[in-house]
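Participant: Next one to model:
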Amino acid sequence: MRPIEKTRTAAQVLVDQLIVNGVTHVFCVPGESYLAALDAFYDRALSVTVCRQEGGAAMMAEAVGKTTGAPGICFVTRGPGATNASAGIHIAQQDSTPMIMFVGQVTRDVKDREALQELDLRAVFGTMTKWTAEIDDPARVPEIVSRAFYTATSGRPGPVVIGLPEDMLVERTAAPNAPAFAPVETSPGAPEMKKLAELLGQAQRPLAVLGGSRWSGEACAAIARFAERFTLPVATSYRRLPLFDPLHPCYAGDLGIGPNPRLVARVREADLLLLIGGRMGELPSQAYALIDIPGPQMQLVHVHPGAEELGRLYRPHLAIHASPTAFAAAADTLQPDHPIAWRERTTQAHADYLAWTNVPTEQPGAVNLGAVMVWLRENLPLDAILCNGAGNYAAWIHRFYRFRRFATHIAPTSASMGYGMPAAVAMQRLYPERTVVCLNGDGDFLMNGQEFATAIMYGLPIVVVIADNGIYGTIRMHQECDYPGRVSATSLANPDFAAYARAFGGFGATVERTADFADAFTAARTSGKPSIIHVKIDPEAITPATTLSKIREQALAKAT
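Facilitator: Alright, predicted model coming up:
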């Protein structure tokens, strides 16, 4: 950090606050509204990633927050820059991810005149952030940035948006740096842990579900030891698969899209549900069908770092206001003092998971995406990071890939398309020594495919796999369910994605048979370049369990 001078510009103070708080990576699309901040980056010990669209920059910052637990940072300009970035803000909100976005703003003397690209940040972002503010006084930069870090990380984490008037950034101030933030942990009390032990002692069919944020590798290991001592079956919620080793004998499976029906039945049959960290929102609850609202049909123990989430949807029999990391540490001290009545159920739950995921299902067409996922799980290093956005192609990831390490699956629980490519860039920037694979659908990739150029610019050897079926698959699936045979607005005309990669200076390959994927992937990795593997999928292969034609036939039969 630069020596503390008598005065610094507000922009210099701002950048120094980022460094004080441990920030090492910043993502941005440059704008004239915050030129002073760009200049303050010039000689600072920060890696600045220049992106091609603000949505990509925001998603990169969100991915860093999701992975590290510390706020991801992005800078965008006012008006269209900020609104472009709103997709990343919404992801951070729904995924409970700490993130801070700084927005260049019009000068203070023209505010409220609808000046060029002026935006009322509080009105636009107020409903999708934990806090939105503007800094009008350079002397308050340390205070407000410090508050932003605490707000983004405390309780249920989420995004913060801070406006930076252009003229404010160049004013000088003698304000000193604020101390570095320290995350505020909420820990369970002894009475709550005693009550949890009593409930476990009374249960016959317990089940734990892990979700949410504010986890760590150590916390995951502690929960695994807790589960092992109690032989407690454990499921993970939607896109939180790395929270529990899938090969652990207590693992019961993934409660996401297209889950194992036997796991769904286990949730319904449970007499004690231990929900740790998550909200049990629409997707893991199977459209709110698994747990009665507001009074659950089973005894519910809800552990969450945000007090406002406890009782918000489900009235818990035992509410534990604690972060997952603090709860895991406390759970690690619990010992069973009663016979375990559910050992056989746990063993069977894990056997059901293995049977559901071991072998890829038969698929129409020459490429079986399930077989591709099985090849990846058997050939990627355990610390490889998989990033993806949204689309039916992801069902094969959830079912057949196995995440054996913490924070190795970076994907939006908000099911936002276009996330995979930016997230992969962020992960390869953060962890240059690790293998990063970006999995996409065709419609999904082209929502932020321009960030492939960012990967080229920084020489990031990401392998991008695009499952191309020529349709918006998820929407087409629902279309066939509700309006069978009436195809409207879901067909796509796609480019040659391998040629797209080569046009940017990367490696490109096309796969039209399952057997050719391994060689294409190996060649991509060997090239050392950002790569795209264009995998052509039969549109009939809409999920691991069914086809478009079967969905249409069932809908037509139901209609008659």
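
Participant: what about stretch 208-227, how long is it end to end?
Facilitator: Length of stretch 208-227, first residue to last, CA to CA, to the nearest Å: 9 Å.

Participant: so how far is it from its chain's centroid?
Facilitator: The gap between where stretch 208-227 is centred and where its chain is centred comes out at 17 Å by CA atoms, centre = their mean, to the nearest Å.

Participant: what about residue 420, neighbour count?
Facilitator: Other residues within reach of residue 420, judged by other CB atoms under 10 Å, total 35. Bear in mind the C-beta positions are built from the backbone N, C-alpha and C, glycine included.

Participant: you'd agree it is up against residue 387?
Facilitator: Yes - judged on CB atoms under 8 Å, residue 420 makes contact with residue 387 at a distance of 4.7 Å.

Participant: Report how many residues lie close to residue 521.
Facilitator: Every residue meeting other CB under 10 Å relative to residue 521 is counted, giving 22.

Participant: Quick one: residues in contact with whichever helix or strand it is part of.
Facilitator: Per DSSP states H and E: residue 521 is located in helix 517-527. Applying CB atoms under 8 Å, 6 or more residues apart in numbering, the external contacts of helix 517-527 come out as 367, 371-372, 375-376, 379, 435, 461, 463, 465, 507, 509-511, 531, 533, 535.

Participant: so where's this protein shaky on pLDDT?
Facilitator: Residue ranges of the chain with pLDDT under 70: 1-5.

Participant: My guess is residue 90 contacts residue 416. True?
Facilitator: Yes - judged on CB under 8 Å, residue 90 makes contact with residue 416 at a distance of 7.0 Å.

Participant: can you list residues touching both of those two?
Facilitator: Joint contacts of residue 90 and residue 416 (CB under 8 Å, 6+ apart) do not exist.

Participant: how close does residue 25 get to residue 62?
Facilitator: Distance, residue 25 to residue 62, by CB to CB, to the nearest Å: 12 Å.

Participant: what residues are shared contacts of these two?
Facilitator: Listed as contacting both residue 25 and residue 62 by CB under 8 Å, 6+ apart are residue 72.

Participant: Pick out whichever of those two has more residues nearby.
Facilitator: Applying other CB under 10 Å to residue 25 and residue 62 shows that residue 62 carries more neighbours, namely 35 against 19.

Participant: what helices or strands is whichever strand or helix holds the more buried one leaning on?
Facilitator: For residue 62, the enclosing helix or strand under DSSP H and E is helix 54-68. Packing partners of helix 54-68 (3 or more CB pairs under 8 Å, 6 or more residues apart in numbering; DSSP states H and E): strand 25-28, strand 72-76, helix 80-94, strand 99-105, strand 409-410, helix 420-430.

Participant: who's in contact with the fifth one?
Facilitator: This means strand 409-410. 63, 66-67, 239, 241-242, 385-387, 397, 403, 423-424, 427.

Participant: want to try TSV for those residues, with distance to residue 126 and neighbour count as columns?
Facilitator: Shown next, in TSV, are the contacts of strand 409-410 (distance: CB to CB, whole Å; neighbours: other CB atoms under 10 Å):
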residue	distance to residue 126	neighbour count
63	24	33
66	23	28
67	27	20
239	26	26
241	33	25
242	32	23
385	33	28
386	34	27
387	29	28
397	34	23
403	35	24
423	26	31
424	31	31
427	30	28
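
Participant: Residue 339: which of those residues is nearest?
Facilitator: Ranked by distance to residue 339 (CB to CB), the contacts of strand 409-410 are led by residue 241 at 31.3 Å.

Participant: How about the closest one, nearest residue that isn't a chain neighbour?
Facilitator: Counting by CB to CB, 6 or more residues apart in numbering, residue 403 is the residue found nearest to residue 241 once chain neighbours are left out, at 4.7 Å.

Participant: tell me the secondary structure for the one you found?
Facilitator: coil (DSSP: H, G, I helix; E, B strand; the rest coil).

Participant: For the remainder of this discussion, apply numbering that starts at 672.
Facilitator: That works, and once the first residue is 672, the last one we named lands at residue 1074.

Participant: Roughly how far does it sit from residue 1044?
Facilitator: From residue 1074 to residue 1044 the distance is 12 Å (CB to CB).

Participant: for residue 1036, same thing?
Facilitator: Applying CB to CB to residue 1036 and residue 1044 gives a distance of 15 Å.
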